[in-house]
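Visitor: need a 3D model of the sequence below.
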Amino acid sequence: MRETVIVIDFGGQYNQLVARRVREAGVYCEIYSYKTDIEKIKEMNPKGIILTGGPNSCYEDDSPTYTKELFELGIPVLGLCYGAQLMQHILGGTVEKAPVREYGKTETFFDNSSKLFTDIPEKSVTWMSHFDYIKEAAPGFKVSAHTKDCPVAAAEDEEKKLYAIQFHPEVLHTEHGKEILSNYVYNVCECKGDWKMDTFVEESIKAIREKVGDGKVLLALSGGVDSSVAAGLLSKAIGKQLTCVFVDHGLLRKNEGDEVEEIFGPNGNYDLNFIRVNAQQRYYDKLSGVSEPENKRKIIGEEFIRVFEEEANKIGAVDFLAQGTIYPDVVESGLGGESAVIKSHHNVGGLPDTVDFKDIIEPLRDLFKDEVRKAGLELGLPEYLVFRQPFPGPGLGVRIVGEITEDKVRIVQDADFIYREEVDNALKAYKEANGKEADWKPDQYFAALTNMQSVGVMGDERTYDFAVCLRAVKTIDFMTAESSEIPYEVLNKVMTRIINEVKGVNRVMYDLTSKPPGTIEIE
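Guide: Numbers count the residues shown, from 1 in each chain. As a prediction, this is how the structure comes out:
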């Protein structure tokens, strides 16, 4: 049994980030809804429990809450923002509307005698985001941090191992947030830190072999990072018992279908069976007239399963369906925490009720994206594959706003190819000239097609064509992201090439939206 810290989600926007930070400290962490029964929490026997933020006021009758018993288990509990207020409210403290709302970077003063704030400077910057505040700490609690406007920025009952923090240590804006969470898992929860990628890979290979036995496995291989790492892991575990079906649904990036076949096909270096299914027209027909994003995702997801069933029938009995599902897929589909469904994922939310397989294997289901990459390197996959840009399961289906047509796919493929080529050229030139990476280097960048058409003038003639949207973001964990400041001359060159070379486009725009409030993908 690996040591585990659990996050109880009260609808906070940073729930995944909290879990991610705990894992960065070397401790496994999972997210559960506040509706999770206390008996299930006891069965999991966690080393620690973290309560997330949330948009409600804990003193209102219909607000999310939890049983007082949670704080009597003897398990260390850390409340963050709403979680801190809820802890104090339940245990007899006073929570009410703050006379001065705090939002953003806030100077905070710490009591370093607290196990939570060991080696933290007495004065530091934290990230606050609250309307309510803890006016008076609950009986038995000692105030361990404050700000100019917040008398209880942190409070603790060390004997009962209960800690409340008004600010958000999980976000990068809190200067020593990582250290605070690390202090919690090691100083308070007394974890050893057994969450390591080499151990995960070793355990996963063993678990896959035990589960599969002499059975056959069919994997949905898109060629993206997640499914590629899943293929590498399964290949190492069961070899030729694995058949990878690569469905070219016509919604891939330019030339990508051939690149995937080159890597994983008969001439590649993987011990597996590879089948390529050219199903472009089948998808275009199914998606004809469909413009609602969730419907597109569901259709693409269900069609994936149908294709796999057909291929399974062709190759004989197949016992398991494998998928490259990762942890954010699970959480964002509303299956892991309490946050609203942001978007359904083709490999989680799109599964039909009846699947002709004994069971589903999702070897990466517990991993965040950067952990997937680490696992890929542990498996010996090439770096250029492991560090490929993320690409959504539904492909360009979520980078084309509105109805999908073959012509729209061509437009976005060509525009995206030009954009990525020019950004890559600019990054390479900068590094050669300066001996270092550019500050503006994005972690993900792509072109999408809006559903907007506008009047333009090309060659003295009136046009009425589409607008392409360029997206580039800088991010650490893809939970939050900011727009990358790509130099104007690069964007201008991209714009000129797209309008000159891509038929059907007369306008190019750059998306500055951060995540949140937006998502990284357009739909």
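Visitor: how about the helices in the stretch 401-523 of the chain?
Guide: Taking DSSP state H, counting those that start in this stretch to define them, one finds helices in the stretch 401-523 of the chain at 406-434, 488-501.
Visitor: which of the helices and strands in the chain ranks last by mean pLDDT?
Guide: Sorting the helices and strands of the chain by mean pLDDT, DSSP states H and E puts helix 327-332 at the bottom, at a mean of 80.
Visitor: which stretches in the stretch 151-300 of the chain count as strands?
Guide: Along the stretch 151-300 of the chain, counting by DSSP state E, counting those that start in this stretch, strands occupy 154-157, 162-165, 217-220, 242-248, 273-278.
Visitor: can you list the weak-confidence ranges in the stretch 1-150 of the chain?
Guide: Residues of the stretch 1-150 of the chain meeting the criterion pLDDT under 70: 1.
Visitor: tell me the first helix or strand C-terminal of the strand or helix carrying residue 20.
Guide: Per DSSP states H and E: residue 20 is located in helix 15-24. Per DSSP H and E, helix 15-24 leads on to strand 28-33 as the next helix or strand towards the C-terminus.
Visitor: so in the chain, which strand runs the longest?
Guide: Using DSSP state E, we find that the single longest strand of the chain is strand 94-110.
Visitor: can I get the CA coordinates of the least confident helix or strand of the chain in PDB?
Guide: What follows is helix 327-332 as a C-alpha-only set of coordinates in PDB (Å, rounded to 0.1, in the frame of the first residue of the first chain):
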ATOM      1  CA  TYR A 327      -5.900  11.800 -14.200                       C
ATOM      2  CA  PRO A 328      -7.000  15.300 -15.400                       C
ATOM      3  CA  ASP A 329      -9.300  13.500 -17.900                       C
ATOM      4  CA  VAL A 330     -11.000  11.800 -15.000                       C
ATOM      5  CA  VAL A 331     -11.300  14.900 -12.800                       C
ATOM      6  CA  GLU A 332     -12.400  17.200 -15.600                       C
END
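Visitor: pairing partners for the following helix or strand past it, with directions?
Guide: With elements assigned by DSSP H and E, the helix or strand that comes after helix 327-332 is strand 359-361. Applying DSSP bridges, strand 359-361 is found paired with strand 320-322 (parallel).
Visitor: tell me how many other residues crowd residue 28.
Guide: 21 (other CB atoms under 10 Å). Heads up, the C-betas are built off the backbone N, CA and C, glycines and all.
Visitor: that one touches residue 6, doesn't it?
Guide: No - the pair residue 28 / residue 6 is not scored as a contact, 9.6 Å apart, by CB atoms under 8 Å.
Visitor: in the chain, which residue is closest to the centre?
Guide: residue 328 (4.1 Å; CA atoms, centre = their mean).
Visitor: any regions of the stretch 401-523 of the chain where pLDDT drops low?
Guide: Filtered on pLDDT under 70, the stretch 401-523 of the chain yields the residue ranges 460, 477.
Visitor: would you list the helices of the stretch 401-523 of the chain in JSON lines and tack on mean neighbour count and distance to residue 81?
Guide: Shown next, in JSON lines, are the helices of the stretch 401-523 of the chain (neighbours: other CB atoms under 10 Å; distance: least, CB to CB, whole Å):
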{"stretch": "helix 406-434", "mean neighbour count": "17", "distance to residue 81": "37"}
{"stretch": "helix 488-501", "mean neighbour count": "16", "distance to residue 81": "38"}
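Visitor: tell me which of the ones you listed lies nearest to residue 461.
Guide: helix 488-501 (13.7 Å; CB to CB).
Visitor: which of the strands of the stretch 151-300 of the chain is buried the deepest?
Guide: Highest mean neighbour count among those (mean count of other CB atoms under 10 Å): strand 162-165, with a mean of 29.
Visitor: residue 401 touches residue 453, doesn't it?
Guide: No - when contacts are counted by CB under 8 Å, residue 401 is not listed as touching residue 453 (11.5 Å).
Visitor: more neighbours: those two, which one.
Guide: A direct count of neighbours by other CB under 10 Å for residue 401 and residue 453 places residue 401 higher, at 19 against 14.
Visitor: export the helices of the stretch 401-523 of the chain to CSV and tack on distance to residue 507?
Guide: Formatted as CSV, those follow (distance: least, CB to CB, whole Å):
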stretch, distance to residue 507
helix 406-434, 11
helix 488-501, 8
